[in-house]
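S.K.: please work out how this folds:
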Amino acid sequence: MQQVMKITITANAKSLIAIIGGLILITILGFSQWSSAATFSNVTSPNLKNSNIKEVAHHPREKTYMKRQWGVEILYVRTSAAGYMLEFRYKVLDPEKAKALFERQSKPQLTHNESSTKLIVPTPAKTGALRNSNPPLANHTYWMFFANPGKLVKPGEHVTIKIGDFLAERLIVQ
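M.R.: Okay, the predicted model is just below:
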């Protein structure tokens, strides 16, 4: 007869495996460098050429305003995790001005412009909020993830991000 080996995994081991898997995922997402193409709609994307989406006209100095007022350069908003998350990436140029984006008390919101649905940053019990909240450093790129239940927001659609007094409007999802 063959002997069957039975492996039992305790609840603590399962938790440890889940935490390690989550940390690996966050590390991979955090260090992956994707194209930092502008998310503003005055730049056309090859994926949007055949799309019905109307582009919103932006003032040429809108990016300069973000840099001057908030000390950040918005890199992109894109779908992630098979479309169930939205990743917001930005580069801090002036840490003193960008402090407002890192306050733990502020609750970031992403508004889907087409449906007016407000999406939030999830806060899993094991990992905490899926955003950076340590003091910002100059010339570092930071991230924030928003839940996208039911894949509501699709690439090519417009979103607005509000974090305290910070407001970035009409960003195109990649």
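S.K.: surely Gln69 forms part of a strand?
M.R.: No. Under DSSP: H, G, I helix; E, B strand; the rest coil, Gln69 sits outside any strand and is assigned helix.
S.K.: for it, which non-adjacent residue is closest in space?
M.R.: Distances taken as C-beta to C-beta, 6 or more residues apart in numbering place Lys97 nearest to Gln69, at 7.2 Å, with adjacent residues excluded. (Glycine included, C-beta is placed from N, CA and C.)
S.K.: can you pull the contacts of that neighbour?
M.R.: Neighbour list for Lys97: Gln69, Trp70, Gly71, Val72 [criterion: C-beta atoms under 8 Å, 6 or more residues apart in numbering].
S.K.: just the pLDDT at the closest residue in space to Lys107 that isn't next to it in sequence, thanks.
M.R.: Leaving aside its sequence neighbours, Lys107 sits nearest to Ile120 (C-beta to C-beta, 6+ apart; 6.9 Å). We have a pLDDT of 96 for Ile120.
S.K.: ok, the one 4 residues further on next?
M.R.: Among the per-residue scores, Pro124 shows a pLDDT of 93.
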